[in-house]
Structure formats: structure tokens, C-alpha cells
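Engineer: Only the shape, not the letters, is given here:
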């Protein structure tokens, strides 16, 4: 049914880009992503760099003169396709992702910390090992035909509308099942082509507080999944955001400017282009926008925009500010305020005196505001079981994945060792109004031993900790809470 339409559309993209799908000498690579009517961050599947195979990779390396970028794209494609289409998932909840395990082994062998430090030879080795893992698990070779890859991906993305986490997310957010999803196939642009390329996620206003401040995160020489999956902790887009981040992380201004510059400092022209685009998009849609972009060799490309998920407090502030700015009228402002999210404004806050006496264990990013106290649980399904027994829990993960949705929903708060303010954990937590601290890098989490080591102390499953999602602080033990005071925009 879809075949002639898809073939005609690919031909149209070939004509526009000058590339040819599946052609080794002048290849067109595509991304396959979902396009549901309602924003469902992280719930549906995405595949990048589709169209690469053993012959295309050689031709593309020759064409670009950048073999490192091409092999990096290839190992990413095998990893994503293996996960989404061929169902290469961890066998038990204490195991890590099979591809991540191989990646960590190779990085350890080569003595590097980040993926982007791997050599071309190491990346080639990764592709071979990844494909061997696919063969061992599925009994089939990794598909070489670009068309076979495309149909596999299209079907997998359609099917992801009915995966457990998407169904659960729709139930939580009253999204009708019969809407279904579209599948978007887009020509690829690459953020991993070197130091003049990068990728990021940004918001036209602060999704946590509602402050009218353009903000977001980016990574140089990376692809989109790196930012949202929280694999590397990204850098801030604006200078103001970068300075605030450094202050929270206890990093000196000299260190910040040298090691973690904002996009505004490292690529001022790209920053200006992005700043102007987000202004226009917000004006056009008359709502706070959540945008994804890629910079390919000094050129800005926008990948998508949608109305951003926000906390209850941000919802009220953004509606009031946009009314005052004349962007929306009173009726629209009222309709923007969802009654069930107002409940978040009534969540308890920490008692100021109790906080002063508390011991700070670690500091992460204040990904979603609020106060949470509970017992440590490392797995989403166990969080559900503990809560069913009447316990209060804090879900502690190295990084959260969309599979953790049920556990995130029942937990008092979420704590992750990796990831930034735009990581999956942060975006979903804000949408749920859950307290979340992400990217607390000093935590050492061991799923098999069920321990978290921080500041020289070992915490076991069931030990109490407290999170402050407004400051990013993690405290030892329980902390007393009080009811919040309502004022400001809420009063209006």
C-alpha cells in the first residue's frame, strides 16, 4: 500500500539533496522518526543514519574525506537499528544495554572516556562487534540493503505507537489511541562531522520555572540522541545559562569559559541564527517551543519544534506572561492552565530550618523543581511494587530510559548520575511535575549490587535520601516538609 508513495517521496528527496539512496559513491542517508499529533517525548522510536552498509560506508568516507565521522555514524546506526528494529535489549533489568556493554569494553581497552575520542580503527572494531552481537542474538546478518533497512525502520516506528511505554504515556495524558502516528523520513544532516558541527535541544522559555529566558543544551561533534539520552552531560546554549550552570556545579568562571563554553561563545553566528529562529517560532505558534537542531559544518538546520512540556508553576507563569506580552488573549491563557497540573503548585516544600541541618551528599542539575524524600529504588518495576506496599521511593538510575516511565510516575522524585536539563529524565519529569535531579556525576551506581556510593558513603536499596529539584542538591536521610505559599502569577 505505502510502497509507491515511499518510493516517490525518496526520489523527491534525492532530487532535492543530489544524493542517491543506497548508492555507494553519492549516498543519501535518512532518519526515520515518529510524528504523532501530541508530543510524546522519548516514547516513540527514532533511527538515524539509515542507508549505511559496508559498501556505502567506504564510498562515503572517500567522498567526505572524513572516515572518522562516517564510521561513527555507522556504529550509531547499527546500534539504533539493532535496538529498535531487531529488539536487541538487555536480557534482565540488572544488565546494561548489549551495545553499551560492548562500547564500554572498547573504550576501556583504548583508554578513552568519551565516545568521541575513539579512533577510526576502534569505530571499525565496534561495527564488527555490534554486528556479531546481532547475529548471535537474532540468528540473522545485519541487513545490507538500504530498502530493507528502510522498511524495517518504518514498520518499527509505526509499531512503537503500541509499545508499553507509549500506551501508558497516553493513558497518563489522555491522548486517544485511535489517533495513531505518522512516520517522518527526513534527509540526514550530521552533527558529528567534527568541531564545526554539533547538535542540541532548546526551549524558548524555561520549562521548569516559566522564566522568559531562551535556554537549552548542545554537544559539539555529536548526534541528537547523545543529548536526550543523557550519555554525555551537555553544555549550555546561552552565556547566561552557562554561568548559572557553572555556579550550581561549583566551577570557576575561568574553567567554565575554557572547558565548557556556551554556544553563544563558541559559535556566535550559529547562536544568533538559533536565537532568531526560536523567537519567530514562538511568535508563530504563540506558545513555548521545544526545538531540536543540528549544526553541520557551520550551517544551522532545524529538525523539529513542538509545544514544550512544562511544570505547573511554569504553565501558570508562561500563560500570564504571554497574556501581558499580548501574544495570547485571556481566554487562551485560561485554557492553557490544565486543572490537574495546578495540583503541583500545592506539593510540599522542604522546611527551611531542616534544610540548614541536612547533609548535602551530591549536587546535580535542578532538572525539575520540587522536594522529594523517599527510599532508594534502582528499578522502575520495583518502584511500583514498593509504592503498592505504601512506601515512598526515589528512583535512582545511571540514566533513565523511556522504559522507566511507570516507575517515574509513582516515585516521589528521580535522581540520575548522567544527563542534562534536556535529557529524557528531565523532560518527562517536568511534564509529570516530578522533582528531578539529573547529571549528579559524583554518584557511583551499581545495579547488580543495588548500591549507590557517594561522598565516601555506600547507600543500599531502601535507604532514605532527599532531593531538592530547585537547587539540584541531594541530601542524606529524610527532611521535614511544609506546605507551600501561593502568590504571584498564581494569585492573578
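Structural biologist: Perfect, thanks for sending it. In this text, all values refer to a predicted model and were calculated from it rather than measured experimentally.

Engineer: List the residues that contact residue 114.
Structural biologist: Residues in contact with residue 114, defined by C-beta atoms under 8 Å, 6 or more residues apart in numbering, are 107, 232. No exception for glycine: its C-beta is placed from N, CA and C like everyone else's.

Engineer: what's the spacing between it and residue 364?
Structural biologist: Distance of residue 114 to residue 364, computed by C-beta to C-beta, to the nearest Å: 19 Å.

Engineer: Check residue 395 too.
Structural biologist: For residue 395 relative to residue 364 (C-beta to C-beta), the value is 14 Å.

Engineer: tell me, what's touching these two both at once?
Structural biologist: By C-beta under 8 Å, 6+ apart, residue 395 and residue 364 have these common neighbours: residue 415.

Engineer: pLDDT value on residue 487, please?
Structural biologist: Looking at residue 487, its pLDDT stands at 66.

Engineer: oh, and call the first residue 22 from now on, that's how I've got it
Structural biologist: Will do, 22 is the new start, and the previous item becomes residue 508.

Engineer: which residue sits farthest out from the middle of the protein?
Structural biologist: Distance from the C-alpha centroid of the chain, by C-alpha atoms, centre = their mean, peaks at residue 374 (35.2 Å).

Engineer: Which element, helix or strand, includes that residue?
Structural biologist: If you go by DSSP states H and E, residue 374 is part of helix 373-378.

Engineer: now do residue 157
Structural biologist: Element membership for residue 157, per DSSP H and E: helix 141-159.

Engineer: what sits up against that helix?
Structural biologist: For helix 141-159, the external contacting residues (C-beta under 8 Å, 6+ apart) are 88-89, 92-93, 95-96, 99-100, 103, 107, 109, 119-120, 123-124, 127, 131, 139, 161-163.

Engineer: who does the helix or strand of the chain with the lowest mean pLDDT touch, helix- and strand-wise?
Structural biologist: Taking mean pLDDT, DSSP states H and E as the measure, the chain has helix 245-250 as its least confident helix or strand, at a mean of 78. Applying 3 or more C-beta pairs under 8 Å, 6 or more residues apart in numbering; DSSP states H and E, we find helix 245-250 packed against strand 67-71, strand 219-224, strand 236-241, helix 445-453.

Engineer: mind running it again at 10 Å?
Structural biologist: With contacts defined as 3 or more C-beta pairs under 10 Å, 6 or more residues apart in numbering; DSSP states H and E, the packing partners of helix 245-250 are strand 67-71, helix 88-105, strand 219-224, strand 236-241, strand 310-317, helix 445-453.

Engineer: Dump those to a markdown table, plus mean pLDDT, distance to residue 25 and mean neighbour count.
Structural biologist: Putting these into a markdown table (pLDDT from 0 to 100; distance: least, C-beta to C-beta, whole Å; neighbours: other C-beta atoms under 10 Å) gives the following:
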| stretch | mean pLDDT | distance to residue 25 | mean neighbour count |
| --- | --- | --- | --- |
| strand 67-71 | 93 | 20 | 23 |
| helix 88-105 | 94 | 24 | 23 |
| strand 219-224 | 95 | 33 | 27 |
| strand 236-241 | 94 | 39 | 25 |
| strand 310-317 | 95 | 30 | 22 |
| helix 445-453 | 87 | 36 | 26 |
